[in-house]
Each structure stands twice: as structure tokens, then as C-alpha cells.
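[1] here's a sequence, model it:
(one chain, ligands or ions: 1)
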Amino acid sequence: MSRDEQGAGRARDARRDARGRQRGEARAQGRAGRTTAAPARRARTSDPARAAAYDTLRAVAESEAYANLVLPPLLRERGLAGRDAAFATELAYGTLRLRGRYDAVLAQASSRPLDEVDPPVLDVLRLGAHQLLGMRVPAHAAVSETVGLARERVGAGAAQFVNAVLRRVAERPLEEWLTRVADAADPGGADTVARLAAVESHPAWVVRALRESLVGSGRPAAELAAALVADNAPPRVTLVARPGLVSSQELAEQSGAVPAGLAPTALVLSGGDPGDVPAVRDGLAGVQDEGSQLVTLAFVEAEVAGRDERWLDMCAGPGGKAALLGALAAQRGARLVANEVQPHRARLVRQALRAVPGEAVEEVRTGDARTVGELEPGAYDRVLLDAPCTGLGALRRRPESRWRRTPADLATLAALQRELLASAVAAVRPGGVVGYVTCSPHLAETQLVVLDAVRAAARAGTPVAVVDAAPVMARVAPAWEPVPGRQDVQLWPHVHGTDAMHLTLLRRS
Ligand SMILES: C[S@@+](CC[C@H](N)C(=O)[O-])C[C@H]1O[C@@H](n2cnc3c(N)ncnc32)[C@H](O)[C@@H]1O
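    A predicted model of the protein is given here:
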């Protein structure tokens with residue numbers, strides 16, 4: 001260890017005591033993750049965009065916060081807009097997504113093991129690594145600004161350590177670091193999972209699960225690297241033109257957005273705040289991933305035998321699919337019941353449905369959808385179950401979630417998914433359709449849940465059969481390419497540019 005680093009270590013230990021107390025005070029006052037320095041002093045002494053990114057990382061680490069809920073209000077509070085806000089966002093979200101890759105780089109650039117580096121100092125180092133290797137920030141600015149941030153937030157001694165480590169990171173371009181990271185993770189050259197996990201910054205269990213999901217959904221395992229790379233890119237902002245409320249053409253004229261490619265309702269916004277688009281403000285349009293639009297459109301397109309009047313969205317919060325369903329119900333003379341277990345999310349559903357004609361919305365209710373099948377057997381012509389899931393198909397959208405999820409979450413969620421799907425099957429009438437949707441491609445949440453539900457439904461005397469979703473999807477999205485041998489739909493970011501949404505259509509007989 002160098003003299004600088006020994007000094008930094010002593011300063012860090014002293015500071016840890018001090019910051020430990022301060023952090024406790026801050027948390028008690030609901031200010032977790034913020035510096036205790038006065039805002040005016042913060043603004044004077046460090047680049048506000050980098051400081052906002054740092055504070056977001058700390059909130060994520062210390063209070064289990066979601067970056068996409070922490071950062072936007074923080075930017076508003078500190079008056080950061082335009083390029084500064086975009087810089088802070090890319091810095092915070094990119095650093096969180098690529099944390100695994102940067103930790104592998106930093107482990108090689110630091111003379112101290114990373115688990116001996118104070119977490120706040122490690123976050124500063126990660127921010128520096130992302131500026132150097134993931135953004136086009138000139139090396140001198142990346143290092144000096146990050147060292148300035150370190151001096152202000154974690155102390156002068158640690159700033160020297162940050163300076164030493166980041167200078168080492170800056171000595172090599174990204175490609176060279178990735179080769180080194182891959183070789184360190186997989187010295188024998190035979191462990192693809194370990195190699196990809198380190199280089200593409202995913203936990204190894206997620207890499208394995210995605211490989212199984214690719215193969216299980218009929219795609220080649222060779223696409224694994226592309227799937228992981230796609231998780232590391234920020235998603236495009238996609239708008240939905242809710243049919244009958246606003247046309248895609250009108251929305252395009254208002255927003256400058258262009259057709260997304262697959263769903264006829266989907267448009268991609270190239271810049272600006274979607275909240276500034278009049279149709280979005282008025283609820284005629286919304287922000288919704290194209291995959292979420294596709295599965296909703298296909299669910300409504302699937303044929304039911306006979307009457308088609310009463311639709312149920314079992315897990316509706318915050319209401320993206322419910323709003324699209326409501327608009328489609330209004331066009332077809334059907335009525336939607338939207339259910340959500342969490343009251344605050346049910347309120348968001350009401351807000352999302354505000355522009356849908358009243359006669360198309362029977363009710364937005366708060367309740368546990370596991371009881372619907374028992375309380376209202378056979379009461380609906382269509383039931384959408386957009387099930388709570390691990391969200392492994394939306395990792396690009398939730399920057400920190402890959403590091404938070406654990407394989408243990410799967411067992412809990414898969415049990416809930418089975419109960420909800422059994423309830424959905426009981427709630428739909430014979431001849432009616434159930435759409436089972438997840439924003440996860442994990443086979444334990446998709447195919448295995450469906451397989452068990454079909455067997456359980458037969459035992460319960462409410463038999464269901466899987467409907468071939470490929471021709472249905474082809475009707476709503478003419479550019480859709482079906483996967484041979486599969487009757488369900490599995491979307492992928494690297495193939496379709498959407499979240500990795502899953503849809504199985506089932507019909508009650
Ligand atoms: C994947 S999200 C639904 C997203 C929504 N369909 C949309 O497009 O905006 C799953 C929702 O299910 C809700 N949920 C979880 N358990 C539930 C239950 N037992 N009954 C009803 N809703 C539940 C969660 O609160 C969450 O809002």
C-alpha cells in the first residue's frame with residue numbers, strides 16, 4: 001500500500017465514525033443519503049450533476065431506494081435541467097447498471113481489496129470509472145472533478161486514494177480493461193457465464209437464468225451476450241397513442257416522436273420531456289414500453305367465443321396496460337374492472353384511466369386478486385394477469401434491480417403467480433380468454449407457472465388450453481416474426497427493442 005493510500009485509510013477510518021453518526025442523524029430526519037453540508041455549500045464546492053449522481057447512489061445503497069424515484073425529484077430540487085440533468089442521469093443510472101464491471105476494473109486498479117474500501121468511497125470510484133470508461137468525459141476532467149467530489153463528500157485523505165486509483169483506471173482504454181476483467185473472471189477460458197457476468201455486469205445467477213430463458217423460448221444461446229449488452233443500454237422513451245383517444249399520427253405531430261416499429265400504437269420520443277406533450281398531459285397518450293403495448297393489444301385481439309363485454313385487469317397498478325385496455329374497451333363496447341392490491345397504486349390506475357370514457361370503466365378497486373376467482377367465478381370474458389414478478393426483463397429500466405434481486409425472490413413470486421393464475425382461470429367464463437403476462441423471461445415465472453396452472457385447472461374442473469399467440473400477434477403487429485415451435489410470446493430487448501415481456505394466452509373450455 002502506498003503512503004497516500006495508508007493516509008487515505010486512516011482518514012477514512014476517522015471519517016467513518018464521524019459519517020456514521022451524521023448518517024444516523026440524517027436518516028432520523030428523513031434525509032438519508034444526503035450530505036450533511038448546507039445546500040449552499042454543496043452547490044459552491046462540487047459539480048452539482050456529479051453530486052446529484054453520488055447522492056442517488058448513496059440513497060440506493062443506504063435506504064434501498066429506487067434510483068428512478070430518487071434522482072428526478074433531486075434534480076428538480078437542485079434546479080438541474082437540460083444537459084446537466086441528462087449528465088447526472090446517465091452518470092447515476094449507467095454507474096448502477098455497470099457496477100459489476102467497474103468493481104472488477106477497480107479491483108485491479110486499487111492496491112487495497114474493494115471490500116476494505118468504505119462504501120461511500122467505492123461509490124465515488126464507480127462514478128469516476130463510468131465517466132472514464134462509459135461516458136465520453138475527458139480523462140483529466142473525469143479524474144479532477146471526481147476527486148473534487150471525493151474531497152467534499154468523503155474527505156481529503158480518501159480523495160487522494162480516489163485520485164491514485166482513477167489515474168490507474170485512466171491508463172487503459174475500455175477494451176483493454178474488458179480483456180483483463182474477462183481473463184481474471186475466467187482464467188481457464190471455459191466459464192462463459194463468469195466471463196459474461198463480469199464483463200457485462202450481471203450477477204452470475206441472472207446470466208444463467210437468461211441463457212436458459214433464451215433457449216427455452218426458442219432462441220439460440222449464442223444471443224446471450226447481446227441480451228446482456230441490451231440490458232446495459234438506457235431504454236428509449238416510448239409513447240402509446242391510446243386508440244380512440246388520440247391517433248398515432250396526431251401524437252407524432254404533437255411530440256415529434258416516430259413509429260417504434262412493431263406496435264401500431266407505439267412511438268419513440270427522441271428527446272424532451274414526455275410530460276410536455278399535450279396528449280400525454282391529458283391522458284390520451286402515455287409513456288409505455290412497446291412490449292407492454294404489444295402484449296395488451298394481443299390479449300384483446302385473441303378471439304373469445306360469444307359475448308365480449310366484461311374485462312378484468314387483475315394486477316393493474318400503476319395502470320399502463322389498464323389505460324390501453326380501457327381505450328380498447330371503449331371502442332368495442334366492453335367494460336373494464338381494474339383491480340390492484342396496493343391502495344396508492346390503485347389511485348395511479350384511476351389517474352391513468354382519467355381520459356377513458358366513463359362507460360368503459362366499470363370500477364377501479366383495491367383488493368387481493370387471489371380471491372377474485374372464488375368470489376366471482378366465470379364472471380369475465382377476458383382476464384389479464386400482469387403478474388408481480390422479478391422484473392428480470394426490465395433490468396435496463398431499473399438500474400439497481402439486478403443487484404437487489406436474489407434467486408430466493410423467485411420461489412416467493414412463483415408461488416404467488418400460481419395462485420393468481422388459478423384465480424384468473426376461475427374468474428373467466430368458458431370460452432373466455434386469460435392473458436398471462438410477466439416482465440420477466442425467467443422460465444420459473446413463465447412457462448413453468450403456465451404448465452402448472454393448466455394441470456391444476458384440469459384438476460379443479462375448470463380446464464384451460466394454451467392458445468397459439470403467434471397468429472394473434474401477427475395480426476396486431478404485422479412485422480412480428482414468430483418463433484417456430486412456440487405458442488407463447490417472449491419479447492427481448494436485443495431482438496425487439498422492448499422489455500423482455502412474456503405473454504401466454506389461455507382459453508377456458
Ligand atoms: C407487474 S405490476 C402490474 C403493472 C400494470 N399492469 C401496468 O401495466 O401498469 C404487478 C402489480 O400487481 C400488484 N399485486 C401484487 N400482488 C397482488 C395481488 N395479490 N392482487 C392484486 N394485485 C397484486 C402489485 O402491487 C403491482 O402493482
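[2] so if we follow the domain assignment, how does this structure break up?
    Under the assignment automatic domain parsing, the domains of the chain span 3-170, 240-288, 289-508.
[3] tell me the most buried of those?
    domain 289-508 (a mean of 20; mean count of other Cβ atoms under 10 Å). Where C-beta positions appear, they are placed from N, C-alpha and C, glycine not excepted.
[4] ends of that one, what's the gap?
    29 Å (Cα to Cα, to the nearest Å).
[5] ok so, going back, can you put the domains of the chain in TSV and add distance to Ala198 and mean pLDDT?
    Below are the domains of the chain laid out as TSV (distance: least, Cβ to Cβ, whole Å; pLDDT from 0 to 100):
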stretch	distance to Ala198	mean pLDDT
domain 3-170	5	81
domain 240-288	32	97
domain 289-508	13	97
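[6] got JSON lines for the ones you listed, with distance to the ligand too?
    Below are those laid out as JSON lines (distance: least, Cβ to the nearest ligand atom, whole Å):
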{"stretch": "domain 3-170", "distance to the ligand": "14"}
{"stretch": "domain 240-288", "distance to the ligand": "7"}
{"stretch": "domain 289-508", "distance to the ligand": "3"}
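[7] next, Ala204: phi, psi?
    Torsion angles at Ala204 (phi, psi; degrees, to the nearest 10) stand at phi -60, psi -40.
[8] count of neighbours near it?
    15 (other Cβ atoms under 10 Å).
[9] and what of Gly218?
    Counted with other Cβ under 10 Å, Gly218 comes out at 13.
[10] that one contacts Glu481, correct?
    No - between Gly218 and Glu481 there is no contact under Cβ atoms under 8 Å: 11.2 Å.
[11] now Tyr93. Nearest residue, chain neighbours left out?
    Pro399 (4.3 Å; Cβ to Cβ, 6 or more residues apart in numbering).
[12] all strands for the stretch 401-509 of the chain, in order.
    For the stretch 401-509 of the chain, the strands defined by DSSP state E, counting those that start in this stretch occupy 428-438, 464-467, 489-490, 502-508.
[13] okay if I get the ones you listed as TSV plus distance to Ser247?
    Shown next, in TSV, are those (distance: least, Cβ to Cβ, whole Å):
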stretch	distance to Ser247
strand 428-438	25
strand 464-467	29
strand 489-490	26
strand 502-508	25
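[14] mind listing the helices for the stretch 1-150 of the chain?
    3-28, 39-45, 48-63, 67-77, 82-97, 99-109, 119-133, 139-154 (DSSP state H, counting those that start in this stretch).
[15] how about these in CSV, adding distance to Asp186?
    Output for the helices of the stretch 1-150 of the chain, formatted as CSV (distance: least, Cβ to Cβ, whole Å):
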stretch, distance to Asp186
helix 3-28, 29
helix 39-45, 42
helix 48-63, 28
helix 67-77, 30
helix 82-97, 21
helix 99-109, 11
helix 119-133, 20
helix 139-154, 28
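[16] mind checking these for the one nearest to Ala355?
    helix 67-77 (23.4 Å; Cβ to Cβ).
[17] okay, the closest one in PDB with CA atoms only?
    Output in PDB follows, covering the C-alpha atoms of helix 67-77 (Å, rounded to 0.1, in the frame of the first residue of the first chain):
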ATOM      1  CA  ALA A  67     -32.700   5.400  -8.400                       C
ATOM      2  CA  ASN A  68     -35.500   6.300 -10.800                       C
ATOM      3  CA  LEU A  69     -37.600   7.600  -7.900                       C
ATOM      4  CA  VAL A  70     -34.700   9.300  -6.100                       C
ATOM      5  CA  LEU A  71     -33.000  11.200  -8.900                       C
ATOM      6  CA  PRO A  72     -35.800  13.100 -10.700                       C
ATOM      7  CA  PRO A  73     -37.000  15.000  -7.600                       C
ATOM      8  CA  LEU A  74     -33.400  15.600  -6.600                       C
ATOM      9  CA  LEU A  75     -32.700  17.200  -9.900                       C
ATOM     10  CA  ARG A  76     -35.800  19.400  -9.600                       C
ATOM     11  CA  GLU A  77     -34.900  20.300  -6.000                       C
END
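[18] off-centre distance for it?
    16 Å (Cα atoms, centre = their mean, to the nearest Å).
[19] residue contacts, the nearest residue to Arg151 once chain neighbours are set aside?
    Nearest non-adjacent residue to Arg151, counting by Cβ to Cβ, 6+ apart: Ala159, 4.0 Å away. If a contact means Cβ atoms under 8 Å, 6 or more residues apart in numbering, then Ala159 has Ala8, Val147, Gly148, Ala150, Arg151 as its contacts.
[20] then Ala369?
    Met314, Cys315, Asn339, Val341, Leu385, Leu420, Ser423, Ala424.
[21] then Pro318?
    Pro318 neighbours (Cβ under 8 Å, 6+ apart): Arg345, Leu348, Val349, Ala352.
[22] now do the SS call for it.
    The three-state assignment at Pro318 reads coil, by DSSP: H, G, I helix; E, B strand; the rest coil.
[23] could you measure from it over to Ala334?
    Separation of Pro318 from Ala334 (Cβ to Cβ, to the nearest Å): 22 Å.
[24] one more: Ala460?
    27 Å.
[25] using CSV, lay out the contacts of Pro318 together with distance to Gly485 and secondary structure.
    Shown next, in CSV, are the contacts of Pro318 (distance: Cβ to Cβ, whole Å; DSSP: H, G, I helix; E, B strand; the rest coil):
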residue, distance to Gly485, secondary structure
Arg345, 37, helix
Leu348, 39, helix
Val349, 37, helix
Ala352, 36, helix
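[26] so can I have a markdown table of those showing distance to Ser255?
    Below are the contacts of Pro318 laid out as a markdown table (distance: Cβ to Cβ, whole Å):
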| residue | distance to Ser255 |
| --- | --- |
| Arg345 | 26 |
| Leu348 | 22 |
| Val349 | 24 |
| Ala352 | 18 |
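[27] in contact with the residue lying closest to Ala479 once chain neighbours are set aside, which residues?
    In this structure, Ala479 finds its nearest non-sequential neighbour in Leu262, 5.7 Å apart by Cβ to Cβ, 6+ apart. Contacts for Leu262 (Cβ under 8 Å, 6+ apart) come out as Glu290, Leu294, Ala477, Ala479, Trp480, His496, Thr498.
[28] ok, the fifth one touching Ala474?
    Right, the one you point to is Trp480. Yes - Trp480 is within contact range of Ala474, at 5.1 Å (criterion: Cβ under 8 Å).
[29] thinking again about what came up before, so which of the contacts of Ala369 sit within helices?
    The helices in this structure, assigned by DSSP state H, contain Leu420, Ser423, Ala424 from those.
[30] ok, Pro173 - how many residues close by?
    Pro173: 10 neighbours (other Cβ under 10 Å).
[31] touching, Glu301 and Trp480? I think so.
    No - counting by Cβ under 8 Å, Trp480 is not a contact partner of Glu301; they are 11.5 Å apart.
[32] one step back: find the residues that touch each one of Gly218 and Glu481.
    Common neighbours of Gly218 and Glu481 (Cβ under 8 Å, 6+ apart) do not exist.
[33] quick one: the helices in the stretch 151-300 of the chain?
    156-170, 174-185, 192-199, 204-216, 224-231, 248-255, 278-281, 290-301.
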